[in-house]
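> how does the following fold in three dimensions:
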Amino acid sequence: MEIKHTDDSHKGMFYVELDGKREAEMTYVWAGSDRIIIDHTGVNDVLRGKSAGKQLVAKAVEFAREKGIKIVPLCPFAKSVFDKVTEYHDVL
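Purely as a prediction, here's the structure:
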């Protein structure tokens, strides 16, 4: 599953497209220049049970590490992943 990413320096999104249709997405907004706030994660039924949401969070963690920034997971799903995966706590 390919995770794509868009960012316009104010807000951004990690997402999965299948046949040209966005089937999963995780959106965020920038809070200053060193922090993003994950505010929404949504996965359509076609990808349920395929760990799409967890892969979106993993991609956000990878992005944060590359950029040297922190993540504030306001989205309940993203927060639950961060609570369970201690390896991601370095970006909190």
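
> give the contact list for the most far-flung residue of the chain relative to its centre.
Going by C-alpha atoms, centre = their mean, the residue of the chain most distant from its centre is Asp19, 21.0 Å out. If a contact means C-beta atoms under 8 Å, 6 or more residues apart in numbering, then Asp19 has no contacts. (Glycine included, C-beta is placed from N, CA and C.)

> and the pLDDT at it?
With respect to pLDDT, Asp19 has a value of 93.

> could you do Glu2 as well?
So Glu2 comes in at 95 (pLDDT).

> which residues sit against the lengthiest helix in the chain?
Criterion DSSP state H: the longest helix present in the chain is helix 52-67. Residues outside helix 52-67 that contact it (C-beta under 8 Å, 6+ apart) are 1, 3, 5, 14-16, 23-26, 28, 36, 38, 41, 43, 70-71, 73, 77-78, 81-82, 85, 88, 90-91.

> quick one: which of those sit in strands?
Among the contacts of helix 52-67, the members falling in strands (DSSP state E) are 5, 14-16, 23-26, 28, 36, 38, 41, 43, 70-71, 73.

> now a ChimeraX select for only the buried ones of the residues you listed.
Burial among the ones in strands among the contacts of helix 52-67 is assessed by 16 or more other C-beta atoms under 10 Å; the matching ChimeraX selection reads:
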select :14,15,16,23,24,25,26,28,36,38,41,43,71,73
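
> next one: the residue farthest from the centre of the chain from Val46, what distance?
Asp19 is 10 Å from Val46, where distance means C-beta to C-beta, to the nearest Å.

> shared neighbours, those two?
Shared contacts of Asp19 and Val46 (C-beta under 8 Å, 6+ apart): none.

> all set now, cheers.
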